[in-house]
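Trainee: Predicted model and sequence follow; I will ask about them next.
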Amino acid sequence: MIQLKNVSKTYTGAKAVHALTNVNLHIPAGKIFGIIGPSGAGKSTLLRCINLLEKPDAGEVWVDGQRLDTLTPRELRKARQKMGMIFQHFNLLSSRTVAENVAFPLEIAKVPAAKRRQAVTELLELVGLSDKANVYPAQLSGGQKQRVGIARALANQPRVLLCDEATSALDPETTKSVLQLLKSINEQFNLTIVVITHEMPVIQEICDLVAVLEHGTVQECGPVIDVFTRPQAEATKRMLRGSITANIPPEILSRPSQGNGPRRLLKLSFVGERAHQPIISQMVQNYHVDANILFGRIDQMKDLPFGMLVIELVGEEDSLSQAVDFLKRQQVELEVLA
Amino acid sequence: MLQQAFVETLIMVGASTAVAAVCGLPLGLILACTAPGHILEQRLVNRILGAIINVGRSVPFIILMVAVIPFTRFVVGTSIGTAAAIVPLSIAATPFVARIVESAVFEIDRGVIEAAQSMGSSPWQIIWKVLIPEARPALVLGLTITTVNLIGYSAMAGAIGGGGLGDLAIRYGYQRFRADVMLQTVVLLVILVQALQMLGDWASRKLSKR
């Protein structure tokens, strides 16, 4: 659906800033694609290159089979009408009511008034704000404003929705409900959604695919579950450190083990179906080792359960090796910590 | 006498405010939109227009009034009287209005303009549907300031026989030592300015939905 080929962007000024360097991305249709990175990584620039709010210095931007970076201003405006965008600070028109804000892109696209009214009614219903049609944005909460933003972005039935830190100004509760709305829109309209954020939970909650951006380059890209459970790039690992999925409290690892004798400290990660299988208990029964669970948690990544356990095995040296081999055969992520 | 002067002031100020608003609004919009980083960035146009406006604003009104006499005569047929005074007043107020419009447009959140661009708005649509509506409360306040300024300027219009309250205060109140006339005109001017400011504040509040 969206393809960036060798996109580069440098801001010239007193000191040149290489915001993006040779970025290649392919965003498939109907997916929710996350772009995560620390601030200053070039996320906003990357997102704005997709609808050409920022013009790349080099490279190609393709959306739905159309190359955008070579269009005339008029053609580009036409193409932008088929791409919605929502913003961290909502960017609603303060002089217009909720309904008039949602009608704005329809006016821009010169949709007749009668059709406009009908579309606005449907859109407000979709985002659950039918009762706020004639209220001004100043009277709405942050979450409600973002819902207006979403309704406005969907008005021209876009093929793509670009989200620029859409939940970063919202509290956790509201963030959840806005993310749920985005997810249901994605499913309902098969709409391709691109999300940029610096918040891991946003990616974890709704994204199918993720790209990790740092210093203006894509460090790593793939299905969220793969990138988050088996990070390859240093940037990803650094980012995951201190996040819920990878963090083991240090006191667990440094606690002196009681007694002596052979032991192993293992970290196991389970993904999807395997998170439900009783492999620990099978291992204990078959190999005569004791398993001491030190730490564990189960998370959800979009629709996939993802579990992590830190266990200490105690037993004879032979049994321990066999038990570890058994675990390796189970295709769980296994890491021998000590 | 007082009543006639009051009417003259209203005519001079009203007409020149209207002319300055009509001329200053597009100038201010051009000034704002051609600024670096704005929707129709044109640095050269911006710099030249800015320079002309600055010149217009730095010429003292009394000198401007005399300097534009040939132009005044060309427009209204005479260089003396209330109608003639409207020409230099309008010329003096136009660059002021242009700057006020410019700053009102700059006050609009850039994100809102970006949002309009992301929806495929043309620059023209952005001006009509975003900039002007969003700037309206600030524009009304700015126009109020312009009007009040023009009341002050119009006192100098006596120099070319424009009449009005200020002229009355100078000629009767000051030069003929008529303290009562002086007091009456000043009180009337104070009431006029207060009323205008209150009206402007009220209208701006009414328009602002923030």
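Mentor: Structure's in. What do you need?

Trainee: which residues does residue A:38 contact?
Mentor: Neighbouring residues of residue A:38 by Cβ atoms under 8 Å, 6 or more residues apart in numbering or on different chains: A:198, A:214, A:239. Quick note: C-beta positions are derived from backbone N, CA and C, even for glycine.

Trainee: Residue B:190 looks like it's in a strand, true?
Mentor: No. Remark: residue B:190 does not belong to a strand; assigned using DSSP: H, G, I helix; E, B strand; the rest coil, it is helix.

Trainee: and it, how many residues sit next to it?
Mentor: 10 (other Cβ atoms under 10 Å in any protein chain shown).

Trainee: what do you get for residue B:89?
Mentor: Count around residue B:89 with other Cβ under 10 Å applied: 27.

Trainee: what do you get for residue A:184?
Mentor: 11.

Trainee: what about the spatially most central residue of chain A, which SS state?
Mentor: Nearest to the geometric centre of chain A sits residue A:203, at 2.4 Å (Cα atoms, centre = their mean). Following three-state DSSP, the label given to residue A:203 is helix.

Trainee: Please name the nearest non-neighbouring residue to it.
Mentor: Of all residues not flanking residue A:203 in the chain, residue A:34 sits nearest, at 4.1 Å (Cβ to Cβ, 6 or more residues apart in numbering or on different chains).

Trainee: CA atoms only for the helix or strand where the one you found lies, dumped as PDB, please.
Mentor: Assigned by DSSP states H and E, residue A:34 belongs to strand A:32-36. Coordinates of each C-alpha in strand A:32-36 appear next as PDB, following Å, rounded to 0.1, in the frame of the first residue of the first chain:
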ATOM      1  CA  ILE A  32      -1.500  -1.400  11.400                       C
ATOM      2  CA  PHE A  33       2.100  -0.400  11.000                       C
ATOM      3  CA  GLY A  34       4.000   1.200  13.900                       C
ATOM      4  CA  ILE A  35       7.100   3.300  13.700                       C
ATOM      5  CA  ILE A  36       8.800   3.700  17.100                       C
END
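
Trainee: what pairs with that strand, and is each one parallel or antiparallel?
Mentor: strand A:192-197 (parallel), strand A:209-214 (parallel) (DSSP bridges).

Trainee: For chain B, what lies in contact range of chain A?
Mentor: B:109, B:111-112, B:114-122, B:125, B:129-130, B:133-134, B:136, B:207-210 (Cβ under 8 Å from any Cβ of the partner chain).

Trainee: let's see it at 7 Å
Mentor: Contact residues (Cβ under 7 Å from any Cβ of the partner chain) of chain B with chain A: B:109, B:111-112, B:114-115, B:117-122, B:125, B:129-130, B:133-134, B:136, B:209-210.

Trainee: Isn't residue B:91 up against residue B:68?
Mentor: Yes. Using Cβ atoms under 7 Å, residue B:91 is in contact with residue B:68, at 6.0 Å.

Trainee: Moving C-terminal from the helix or strand bottoming out on mean pLDDT in chain A, which element do we reach first?
Mentor: Sorting the helices and strands of chain A by mean pLDDT, DSSP states H and E puts helix A:250-254 at the bottom, at a mean of 70. Per DSSP H and E, the first helix or strand lying C-terminal to helix A:250-254 is strand A:263-271.

Trainee: circling back: roughly how far apart are the residue nearest to residue A:203 and residue A:63?
Mentor: Residue A:34 sits 18 Å away from residue A:63, going by Cβ to Cβ, to the nearest Å.

Trainee: which of the contacts of residue A:38 are buried?
Mentor: Among the contacts of residue A:38, those buried by neighbour count (16 or more other Cβ atoms under 10 Å in any protein chain shown) are A:214, A:239.

Trainee: any idea which of the contacts of residue A:38 is closest to residue B:6?
Mentor: For the contacts of residue A:38, the minimum distance to residue B:6 (Cβ to Cβ) is 63.5 Å, reached by residue A:198.

Trainee: Can you read off the pLDDT for the closest residue to chain B within the stretch 201-338 of chain A?
Mentor: Per Cβ to the nearest Cβ, residue A:202 is where the stretch 201-338 of chain A lies closest to chain B, at 20.0 Å. Confidence at residue A:202, expressed as pLDDT, is 92.

Trainee: ok, it - how many residues close by?
Mentor: 24.

Trainee: again, but for residue B:91
Mentor: 22.

Trainee: what about it, distance to chain A?
Mentor: 31 Å (Cβ to the nearest Cβ, to the nearest Å).

Trainee: And whichever strand or helix holds that residue, what does it pack against?
Mentor: Element membership of residue B:91 [criterion: DSSP H and E] is helix B:82-106. Contact analysis of helix B:82-106 by 3 or more Cβ pairs under 7 Å, 6 or more residues apart in numbering or on different chains; DSSP states H and E lists helix B:2-33, helix B:43-58, helix B:61-67, helix B:69-76, helix B:132-154 as its packing neighbours.
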